[in-house]
Every structure is written in C-alpha cells, then in structure tokens.
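Novice: What follows is a predicted structure for the sequence shown.
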Amino acid sequence: MHDTQHEPGALFYDPATDKVGEYQERSGPYAMLRPVGGGREWQADPAALRPATAEQRLSAGVRAANRRARTDAPFMVGIGTPRPPVPEPDCAECDDLASRRESARAAHDRSAETDANVLLRSHRRERHE
C-alpha cells in the first residue's frame, strides 16, 4: 500500500503481529499503528497491511471496550461499591495506606487496592472515630 491509501485512524490488520490497529503515521519505512481505543504504538510493514475486515474491526472494538471497563473501574464509585476512605490530614499511617492504594491503582492491581482500602477504613475506625 502507498501512503496515499493510509488515512490516520483507518483500521488495518497487521499479519506480522496478528493484530488490528489504527493507522497513525509513517515513520521512516514503517507504518505506525496503535491498538483500537489507545495504547502503545507498534511499527508495521506498510506493504503487508490489509484493511481490517468487519469481523476484525468488531473484535478490536470489543477488546477496547473490555480494556476500558477494567481501567475505568475506579471511576464507577457509588455503583454497588463503597466510596474509598479518605485519609485524615496529618496522619502518617493514613498517608502511607493512601499511597499504597494509589500505587496499586496505578499498577491496575485491584486486589492490592482493595486491601489498602480495607486497612485504611480499619485504621480510621480505630484511631480517628
């Protein structure tokens, strides 16, 4: 395929990686693709790319929606889950537990995030209520 056929945002199947990606731009001899819905770009051979089929586009869209559902979970507070506890000002133990929670959230470790919330709630009940 020539560059004139590559439109930014168009979906292509990359047989080298067996993935569908959104065309971003040309970088030297490579086409730059990224996963549907965002993510890390990868280099692909522009001559090997094929327009994604309807089935491939649908599958890539479902994967993106599932990824969003996992990463957007902290923003779904109040939908069947208790609000995360708020640390007390000027309490080193509260700050430590809140920091652990944020690190777990950044690493997408929901189990560790929940553990930190449970410990922070318990600490608040014992020391601040």
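Specialist: Noted; the coordinates are in hand. Numbering: from 1, shown residues only.
Novice: Tell me the buried residues in the biggest strand by length in the chain?
Specialist: For the chain, the longest strand by residue count, based on DSSP state E, is strand 19-27. Using 16 or more other CB atoms under 10 Å as the test for burial, strand 19-27 gives Lys19, Val20, Gly21, Glu22, Tyr23. Heads up, the C-betas are built off the backbone N, CA and C, glycines and all.
Novice: host element of the closest residue in space to the second one that isn't next to it in sequence?
Specialist: Which is Val20. Nearest non-adjacent residue to Val20, counting by CB to CB, 6 or more residues apart in numbering: Ala60, 4.1 Å away. Per DSSP states H and E, Ala60 falls inside helix 54-71.
Novice: Tell me how far that helix lies from the chain's centre.
Specialist: Counting by CA atoms, centre = their mean, to the nearest Å, helix 54-71 is centred 12 Å from the centre of its parent chain.
Novice: which outside residues touch that helix?
Specialist: Under the contact criterion CB atoms under 8 Å, 6 or more residues apart in numbering, helix 54-71 has outside partners Leu11, Tyr13, Lys19, Val20, Gly21, Pro35, Val36, Gly37, Gly38, Gly39, Ala52, His108.
Novice: Generate a ChimeraX selection restricted to the buried subset of these.
Specialist: The following ChimeraX line selects those of those that are buried, judged by 16+ other CB under 10 Å:
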select :11,13,19,20,21,35,36,52
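Novice: now this structure, which segments are flagged as low pLDDT?
Specialist: For the chain, the stretches flagged by pLDDT under 70 are 1-5, 69-82.
Novice: run the last query once more with 50
Specialist: 1-4, 77-78 (pLDDT under 50).
Novice: Now do the helices in it.
Specialist: 54-71, 92-106, 110-128 (DSSP state H).
Novice: For Pro85, find the nearest of those.
Specialist: With CB to CB as the criterion, Pro85 lies closest to helix 110-128 of those, at 4.5 Å.
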